[in-house]
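Asks: Okay, here's the prediction I keep looking at, along with the sequence it came from:
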Amino acid sequence: MKRLVEEFIDSITMYRLVLYGLYLIIATAIGLSVFGQLSYTPLTLIMTLLVLVLSSYVVNRLFSWTFSVPYNPESWQITALILFFLVFPQNDLKGYLELALVAGIAMASKYVLAVRGRHIFNPAAIAVVISGLLGILGATWWVATLFLLPVVMIVGFLVTWKLRHFWMVGLYMFVSVALAGAIAKLGGHDLGDAIKTVIISGPMVFAGTIMLTEPLTSPNTKRSQTVYALIVGILGGLHLGWLSKPDVAISIGNMFSFMLGARRSVKLSFIKAHQIAPTTYEVLLKPHHQYKFKPGQYIELTLPHDETDDRGIRRVFSIASRPGAEYIRLGLVVPESPSTFKRKLLSLGEGTQIHATQIGGSFVLPRNADRPLVLIAGGIGITPFRAMLDQMIENRDNRQVTLFYAIRRQDMAVYTDIIEQARRALGLRAVFVITEPTGDWQGERGRLSVDMMKRYVDNLTDSKIYISGPNAMVEDFRSELQMQGVMPFDIVTDYFSGY
């Protein structure tokens, strides 16, 4: 079952997953209203949805044209659908005009409440905060109902799994429930009833899985995600009046995230794309400004194009170059039938401007240089390790490193030049493992395993282990290593979710 879920969420991008998940919740809500299980008629829900969607589309296109920025067909839809669950459904002209105004505020916030091309707040959250302060339509969070909870939980779980944000979401929910229980206990109320209320009758699940995780307004490193979850969870759970409204708490958390992260959008110029292996290409991008990042982190590109497939117009890639290099290098596998995104990317002309929505990730080298490192790469999973090795060569960082590189055939190996440089300069031990070797290959054959690794690493439990590659491979190695006694916090993983 777990493998089936992995295959499903890996076959779709995060934005499409959220979009389709919201469609499912909406369909469920309308179905429930037909059978009288909600307080709103099907017509009221449908008209509210139509007004929000149409208003969001028009205002977003207007601002996109005014500010000359790429139009994102997924982003405005997600915001409109989230708003549908936050504001009270309307059934008259005055109410429709208020809905249109809230949608307009949400779309405008992406362009007006922004610094150097990067918006600060979750658009749906800040829209209901502002509209509430103006006395128009504040947030009612009517999505928080027992009948919708099962489908919200399923969608939220899939989104959290896709993003690997279990720690951040779990911490937020734990804090919310713990504070509800503590306040109930201090006030002499029933503990069980308080906890059931916050889970069943509160918006915690929807807010935590659908809104807290929004990539552009949440932190992108584990440490900052911890603080972010604590801020939003504590504010939301302390019963501080207006400050404890979920939309207000999320907006305050967004401000923290913005102050902590990059405060400008990333603009790049396409230089070239060239083939470096039978199914692998490297793309070179030149940043317009120097951006801070760490070896092993990722970049998310936005590339609007016609006839977009289900993979959408955004894609995440591990950065293969070290910070400070002239170009940002991206390695990507291009199958026989590539996505429309990859086809468009590879066909760009030199000098074409590309926007990146974020650079981040926690797949970075440890500060402690005393412990041995074990790097496990599967296929294109070598990409973040190229950046790490390049940086180590630059810094003359000679910590003990063993690299295991598992590929199908010898000719599919990439970035062997950096691996060889690291061998000579740093004493890197590199082990290539070929699944289907050809010719007179003298190295390791078959499937890379923990037993094979033990022949090259004296004590895996003393090492910090990094794994990068397809999700199934990453999960298999994580499980095997833990069975061999490696502690979970000594295993750092990088996924190609939706790659």
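Replies: Perfect, thanks for sending it.

Asks: now do the same end-to-end measure for stretch 424-442.
Replies: 21 Å (CA to CA, to the nearest Å).

Asks: can you pull the buried residues of that stretch?
Replies: Neighbour-count burial for stretch 424-442 flags L426, L428, R429, A430, V431, F432, V433, I434, P437 (criterion: 16 or more other CB atoms under 10 Å). Where you see a C-beta, it was placed from the backbone N, CA and C, and this is true even at glycine.

Asks: Give me the pLDDT value at D310.
Replies: pLDDT for D310: 72.

Asks: Can you tell me the SS state at it?
Replies: Classification of D310 using DSSP: H, G, I helix; E, B strand; the rest coil returns coil.

Asks: From what I see, it and Y15 are in contact.
Replies: No. D310 lies out of contact with Y15 (CB atoms under 8 Å); the separation is 10.4 Å.

Asks: Which one's more surrounded, these two?
Replies: Higher neighbour count among D310 and Y15: Y15, with 20 against 11, using other CB atoms under 10 Å.

Asks: so that one is in which element?
Replies: Applying DSSP states H and E as the criterion places Y15 in helix 14-34.

Asks: State the number of residues packed around the residue lying closest to L230 once chain neighbours are set aside.
Replies: Nearest in space to L230, with sequence neighbours left out and distances taken as CB to CB, 6 or more residues apart in numbering, is V175 at 6.3 Å. Residues contacting V175 under the criterion other CB under 10 Å number 20.

Asks: Please tell me how far V175 sits from Y466.
Replies: Separation of V175 from Y466 (CB to CB, to the nearest Å): 30 Å.

Asks: which stretches of the stretch 351-499 of the chain have low pLDDT?
Replies: For the stretch 351-499 of the chain, applying pLDDT under 70 flags the ranges 495-499.

Asks: which residues of it fall in strands?
Replies: For the stretch 351-499 of the chain, the strands defined by DSSP state E, counting those that start in this stretch cover 353-360, 373-378, 401-407, 429-434, 444-445, 464-469, 491-495.

Asks: Does anything pack onto the first one? Which helices or strands?
Replies: Under the contact definition 3 or more CB pairs under 8 Å, 6 or more residues apart in numbering; DSSP states H and E, strand 353-360 sits against strand 266-277, strand 298-302.

Asks: residues of that strand that come out buried?
Replies: Across strand 353-360, burial judged by 16+ other CB under 10 Å covers I354, H355, A356, T357, Q358, I359, G360.

Asks: Nearest spatial neighbour of the third one, chain-adjacent residues omitted?
Replies: Spatial nearest neighbour of A356, chain neighbours left out: V266 (3.7 Å); criterion: CB to CB, 6+ apart.

Asks: what's the one you found in contact with, if anything?
Replies: Counting by CB atoms under 8 Å, 6 or more residues apart in numbering, V266 touches P287, Y291, I299, H355, A356, T357, Q358, I359.

Asks: CSV please, covering those residues and showing distance to W142.
Replies: Formatted as CSV, the contacts of V266 follow (distance: CB to CB, whole Å):
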residue, distance to W142
P287, 44
Y291, 41
I299, 38
H355, 35
A356, 36
T357, 30
Q358, 31
I359, 37
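
Asks: Of the residues you listed, just say which sits nearest to E475.
Replies: Each of the contacts of V266 was scored against E475 by CB to CB, and I299 proved nearest at 24.0 Å.

Asks: in terms of contact, does the closest one touch R315 like I think?
Replies: No. With contacts counted by CB under 8 Å, I299 stays clear of R315, the gap being 9.5 Å.

Asks: neighbour-wise, which of those two wins?
Replies: Taking other CB under 10 Å, I299 and R315 do not tie; I299 has more neighbours (23 against 20).

Asks: ok, now how distant is that one from L345?
Replies: With distances taken as CB to CB, I299 is found 12 Å from L345.

Asks: what's the answer for T41, then?
Replies: For T41 relative to L345 (CB to CB), the value is 46 Å.

Asks: And V198, by the same measure?
Replies: Going from V198 to L345 by CB to CB gives 45 Å.

Asks: same thing with S224?
Replies: According to CB to CB, S224 and L345 sit 29 Å apart.

Asks: who's more crowded, the two?
Replies: For S224 versus L345, neighbours defined as other CB under 10 Å are more numerous around L345 (25 against 18).

Asks: Looks like that one contacts R311 (just checking).
Replies: No. L345 lies out of contact with R311 (CB under 8 Å); the separation is 11.7 Å.

Asks: name the element L348 belongs to?
Replies: Per DSSP H and E: nothing holds L348, as it lies in no helix or strand.

Asks: From here on, call the first residue 447.
Replies: Sure, I'll start numbering at 447, so the last one becomes L794.

Asks: For it, which non-adjacent residue is closest in space?
Replies: In this structure, L794 finds its nearest non-sequential neighbour in F716, 4.4 Å apart by CB to CB, 6+ apart.

Asks: got a list of what that neighbour touches?
Replies: By CB under 8 Å, 6+ apart, F716 lies in contact with V729, L730, L731, L791, L794, G795, E796, G797, T798, Q799, I800.

Asks: And the first one, what's its pLDDT?
Replies: Translated: V729. Reading off the model, V729 has pLDDT 96.

Asks: quick check, distance from stretch 500-512 to the centre of its chain.
Replies: Here the centre of stretch 500-512 is set off from its chain's centre by 25 Å, with CA atoms, centre = their mean, to the nearest Å.

Asks: repeat for stretch 586-596
Replies: Computed by CA atoms, centre = their mean, the chain-centroid distance of stretch 586-596 equals 25 Å.

Asks: any idea of the mean pLDDT in it?
Replies: Mean per-residue pLDDT for stretch 586-596: 95.

Asks: do the same with stretch 613-630
Replies: For stretch 613-630, mean pLDDT is 94.

Asks: In it, which residues are buried?
Replies: M614, V615, L617, Y618, M619, V621, S622, V623, L625, A626, G627, A630.

Asks: what sits against the closest residue to the last one other than its chain neighbours?
Replies: Spelled out, it's A630. Spatial nearest neighbour of A630, excluding adjacent residues (CB to CB, 6+ apart): A640 at 3.3 Å. Residues near A640 by CB under 8 Å, 6+ apart: A626, G627, I629, A630.

Asks: Please tell me I have it right and the second one contacts I641.
Replies: Yes. Taking contact to mean CB under 8 Å, the distance of 5.5 Å between G627 and I641 places them in contact.

Asks: Pull up the gap between the residue nearest to L794 and H751, please.
Replies: Shown here: F716 relative to H751, a distance of 13 Å by CB to CB.

Asks: same deal with L489?
Replies: 37 Å.

Asks: Give me the more crowded residue out of the two.
Replies: H751 (15 against 12).

Asks: Which helix or which strand is home to the nearest residue to that one once chain neighbours are set aside?
Replies: Excluding the flanking residues, the one nearest H751 by CB to CB, 6+ apart is K790, at 4.2 Å. Using DSSP H and E, K790 sits in helix 786-792.
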